[in-house]
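Trainee: need coordinates for the following:
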Amino acid sequence: MRLVQLSRDSIAFPSPEGALREPNGLLALGGDLGPARLLMAYQRGIFPWFSPGDPILWWSPDPRAVLYPEQFHLSRSMKRFHRAAPYRVTLNHAFEHVLYGCASDRNEGTWITAEIVEAYLRLHELGHAHSIEVWDGEELVGGMYGVAQGALFCGESMFSRRVNASKTALLVFCQHFIRHGGKLIDCQVLNEHTASLGVIEIPRRDYLQALAELRPQHLGPHCWVPQTLEQ
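Mentor: From the prediction side, this is the model:
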């Protein structure tokens, strides 16, 4: 296993099975964040993550954190909160604002650089990247974004400026995703917060198999149309 230097002349990636064990999942560095390369990465179970000033780093960790949307864990306290919450949830109404919300969230650090923002805005314009927004009145108070791969959604980041706003985004998105035929949400790496919501770890080979099966599947025709989501 060795770290591979990507060429700007090719969008090919090495096999995810060749990723380093330490740090877990680091596969390659370099290349660019053009749409063709990004889409090739997601199709192969690879995603970019790097700090400002570092080269672009590409990852495919083992195990992989995933959420089966029907297994989202809704605690009793969250059920009570959700019934009375004033939030309104939309899809693809404010993608750029969600990106900046995630970038400024103190728990997310500063990895969402101007380069990342530009790259994912382009994916959004091409119809591959999507956002879920949580509003309190006219104020954006939380949200999440990611990249669609058929019946699999690769979640990238979320943010919250009000109590339970990011949980609301994920809860309502799971319900919407299920209604339109969605089967799996990629959460990349498990942490305490996502584990409390029902996210689990599966072997990378199982994730890659699920990706291969779910990527060709088509969702309902209105899944990604900008809309207010049912709650």
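Trainee: so for this structure, the centremost residue is which one?
Mentor: The chain has Gly155 as the residue nearest its centroid, 1.3 Å off, counting by C-alpha atoms, centre = their mean.
Trainee: hey, what's it bridged with?
Mentor: Gly146 (DSSP bridges).
Trainee: mind listing the strands for the chain?
Mentor: For the chain, applying DSSP state E gives strands covering 4-6, 26-30, 47-48, 57-59, 64-67, 88-91, 129-136, 139-149, 152-160, 184-188, 200-202, 227-228.
Trainee: adjacent strands (with direction) for the last one?
Mentor: What that stands for is strand 227-228. strand 88-91 (antiparallel).
Trainee: quick check: mean pLDDT of the partner strand?
Mentor: Averaging pLDDT along strand 88-91 yields 98.
Trainee: do stretch 167-174 as well
Mentor: Stretch 167-174 shows a mean pLDDT of 97.
Trainee: ok now that stretch, how far from the chain's centre?
Mentor: Here stretch 167-174 is found 13 Å from its chain centre; the criterion is C-alpha atoms, centre = their mean, to the nearest Å.
Trainee: on that earlier part again, closest one to Phe177 among the strands of the chain?
Mentor: Set against Phe177 and scored by C-beta to C-beta, the strands of the chain come closest in strand 152-160, at 6.3 Å. (Glycine included, C-beta is placed from N, CA and C.)
Trainee: which residues touch the residue nearest to the centre of the chain?
Mentor: With contact set as C-beta atoms under 8 Å, 6 or more residues apart in numbering, Gly155 has these partners: 67, 144-146, 185-188.
Trainee: closest one of those residues to Leu197?
Mentor: For these, the nearest to Leu197 is Leu67 (7.1 Å; C-beta to C-beta).
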